[in-house]
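Enquirer: Sequence plus predicted model, see below.
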Amino acid sequence: MTTQTSQPAAVAAGRDIRRVPGIGGLALGCAAAVLILLWVGSDGYKQTLVTSAATYALIALGMYVPYLMAGSLSMAYSAYAGIGGYAVGLVSAKTGLPLAVAWLVGPIVAALLAVLLGLVTRRLSGFFLAAVTLLFGMAFTAFLIDAEALSGGSGGLGNLRPLNLFGWTPSHYQMVLGSAVVVCVIAFLLDRLRLSPWGVIVRTMRDAPRAVEAAGVRVPVLNLVALALGAAIAAVGGGLFTYSAGSITPDTFTLNIVFLAIFMPLIGGAGTPWGAVAGAVIAVELTLNFPAIETSGTLLLALGVLVIMLVAPRGVVGYADKLRTRGWALLRKEPDRG
Amino acid sequence: MAEEILLVGRGLTKRYGGVTALSEVDFELRAGEVLGLVGPNGAGKTTLVDLISGAQAATAGELTLRGSKLTGPASRRARAGLGRTFQYPQLALELDVRANLLLGRAARRHATLWQMITGAFVGALRPTGAADGAAVRAIANELGIRDLDREAGDLTLGEQRLVEVGRALGQDPLVLLLDEPFAGSDARGVAGIAEVIHTVRRRGHAVILVDHNVDLVARLVDRIMLLDRGRVVFDGDPRDCLASPQMQSVYFGSDADDDDAGDGSPKAEVQDVRS
C-alpha cells in the first residue's frame, strides 16, 4: 500500500525536476565543482589549476555554440580569449575605469570581431573555414607582438590593478571560487539554450540548413549570431584568466588552447555543454598536473582522446549517463527477484 | 463563390546551362484551393516548387502572393507565407520529433536579427513555453504522430515526411508546398497528410501537392496541373485530367491507375476532400 502511494509521488517529483530544464546538469556540475574546490583547498598551485580549467572550460563552451550546435568550426578562439584578456589589461593600464568594465567591453569587441570574420568567411565551411580562422588567430598573435604601443609587445601588460567590484576586492581564493561559479552558470545557461527554440533552430541549421531557411530564418545571419555569442563567452574566459593572473602576454592564449578546446567536448561528451567543462578539467589535469610524465601531458591527452573515442564515443558524460541508465534498469529488476 | 487569388506565377522559367527544366509556366492559386502537380520524373515538378519557395532562383518569370511581389531568399518568402516540405526530408536527425515539429513555430519568432540576438538570451532564461508544447502536441495529434521523444534519425522515411509536413504546418502558411509527401508513407501516413490538406483548406489557405501517384493526387485536389518536360500540358479538373489525351501521351498510354512509376506510393483509401 505504502509503495503504491509513494511511487506516484516520487514519479511526480521526478517530473517536477525535469520541468526545470538543465537542473540535473547544474546539480552534478556544482557537486563536481565543490569536490574539486575541496581537493584544492589552500594549495596555491592547485588554485591556479582551477583558474586554468575554468578559462579552458569557457573557451570550450564558447566553441560549443557555433561548433557543436551550429556545425561551423571556427578556430579563432585564441584571439577571442586574447581580446577578453587584453581588454582587462588595457582598461587597467591605460584608463582609470573600474576593471569590471573590461569584462563587458572584451566580450562585445570579441563578438563584433567574430561577426566581421564571419562575414569575410561566410562562403567557407568545413576545412577551409577552420584553416582561414586558424590563420586569423595566428595573425592576431603577430599583431599583439608588433603593436607595442597598444599591447606592450611580446612582454604584454603586467602589474594590473586588482579586480574591484563596487568597493570589494576579492582574494585569490575568492577569485578561484568565482571562476568556478561563472563556469557553472554559463554551462547551465547554455544547456538551457540548447533545449530552447533558439537552440532547436541553431541545431537544425547544422544538419538541415535548407529546412531552417524554408521556415523563415536567414541561416547566414543566425550563424553570425552564434559565432558572436561563442566569441563573447571565450572573451569572458580570457578576462577571467587575466584578472586572476594579473598579467597578459601574446603567449597566454595560443593555438594550442584552441586545439585542446576542440577535443574537450569530445572527451567530456558533445551532447551537453557540461561535457565541454568535464573535458576542460580532464585536459588541465592531464596536461598541467600529471607529475609522473611531466612534459608528455599533451601526448597523454591525445592517447586519452583516442581511448575515449573507442570506448565511449559520447564522451565521459555520455558514458556516465549510459551507466546510470543501466544502473536504474538493474535496480528496477531487483524487486521482481524478491 | 469568387475566392481571393493567393498566389500567381507568370512565365516561370529555369534553365541550367543549355537545359531548360521549366519553361514559361503560368498558374493561379486561389484561397482554399488544392492544386495537384503531376508528371513523370524530370518533368519540372520539384523545380517549380523550388522556384516558388525560393530554394532556387528563377531564370525568368515572377510570383505574386496576395498582390505583392514574392522575391528574395527562401526565408523571406517563408515569412511572407510559404511553407514547404522536401523531396528528401530535411530534418535535424539528432533531435527528437518534438524539437523538429517546434522549428516551424519557433522560426517565426526568430525572423529578424534583433529577434535572433534576444532569442538567445530569452532561450537561456526561459527554454520551454507551455504554448509551444501544446501547439506541437496539437500538430502531432492531427498527423497521427504518437511518439514525440524519438530521434528523427530513427524514423522511417514515411514518418520523417509526416514530421516535415507537421513542421511546415507549424508555420501556419498561406500556401503549403508538399513535395512528394506520400513516397514511403503507409496508409496511416497518407491519411495524416490528407487531414493536413483538409485543415489548410479549411483555414482558407492553399496547398500545392506534388506526387507521381496521379490516382492518389486526383482524389485529393481541386485542380491538376500536368507537367511534361518543363511545360504545362494540362490544367484543369482532376477527372478530366485522368481521361485527357495529354495524360495518355505523357505516360505513354499506360493506365494512370498503374503504380509502375516505382515510387512506392501506397494505394490507400483516402476520403475525397472535395466532398
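Expert: Perfect, I can see it now.
Enquirer: Next, count neighbours for residue A:199.
Expert: 25 (other Cβ atoms under 10 Å in any protein chain shown). C-beta coordinates here come from the backbone N, C-alpha and C atoms, glycine included.
Enquirer: Look up phi and psi at residue B:151.
Expert: Backbone geometry at residue B:151, expressed as degrees, to the nearest 10, gives phi -70, psi 140.
Enquirer: contacting residues around it?
Expert: Residue B:151 is in contact with B:93-97, counting by Cβ atoms under 8 Å, 6 or more residues apart in numbering or on different chains.
Enquirer: From these, which land in helices?
Expert: residue B:97 (DSSP state H).
Enquirer: ok, and the most crowded of the contacts of residue B:151?
Expert: Ranking the contacts of residue B:151 using other Cβ under 10 Å puts residue B:97 first, with 26 neighbours.
Enquirer: What is the neighbour count of residue 55?
Expert: All of this refers to chain A. 30.
Enquirer: Hmm, no, I was thinking of chain B.
Expert: With other Cβ under 10 Å as criterion, residue B:55 counts 20.
Enquirer: try residue A:161
Expert: For residue A:161, using other Cβ under 10 Å, the count is 15.
Enquirer: try residue A:76
Expert: Neighbours around residue A:76, by other Cβ under 10 Å: 31.
Enquirer: The one 4 residues further on too?
Expert: The local packing of residue A:80 (other Cβ under 10 Å) involves 36 other residues.
Enquirer: Output the longest helix belonging to chain A.
Expert: Ranked by residue count, the top helix of chain A under DSSP H comes out as helix A:219-245.
Enquirer: After it, which helix or strand is next? Please name it.
Expert: helix A:255-268 (DSSP states H and E).
Enquirer: In that next one, which residues are buried?
Expert: A:255, A:257-268 (16 or more other Cβ atoms under 10 Å in any protein chain shown).
Enquirer: starting at the chain centroid, how far to that helix?
Expert: 10 Å (Cα atoms, centre = their mean, to the nearest Å).
Enquirer: That helix packs against which elements?
Expert: The helices and strands touching helix A:255-268, judged by 3 or more Cβ pairs under 8 Å, 6 or more residues apart in numbering or on different chains; DSSP states H and E, are helix A:44-63, helix A:77-94, helix A:126-146, helix A:273-288, helix A:297-311, helix A:315-337.
Enquirer: highest average neighbour count across those?
Expert: helix A:77-94 (a mean of 27; mean count of other Cβ atoms under 10 Å in any protein chain shown).
Enquirer: Show the subsequent helix or strand relative to that helix.
Expert: That would be, after helix A:77-94 and using DSSP H and E, helix A:102-120.
Enquirer: picking that back up, what would the helices and strands packed on helix A:255-268 look like in CSV with mean pLDDT and distance to chain B?
Expert: Below are the helices and strands packed on helix A:255-268 laid out as CSV (pLDDT from 0 to 100; distance: least, Cβ to the nearest Cβ, whole Å):
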stretch, mean pLDDT, distance to chain B
helix A:44-63, 91, 12
helix A:77-94, 92, 17
helix A:126-146, 91, 18
helix A:273-288, 86, 11
helix A:297-311, 78, 18
helix A:315-337, 74, 13
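Enquirer: for chain A, what are the nearby residues on the stretch 151-275 of chain B?
Expert: B:164, B:167-168, B:171 (Cβ under 8 Å from any Cβ of the partner chain).
Enquirer: neighbour-wise, which of those leads?
Expert: residue B:167 (32 neighbours).
Enquirer: Point out where chain B drops to low pLDDT.
Expert: Scanning chain B for pLDDT under 70 picks out the ranges B:1-2, B:252-275.
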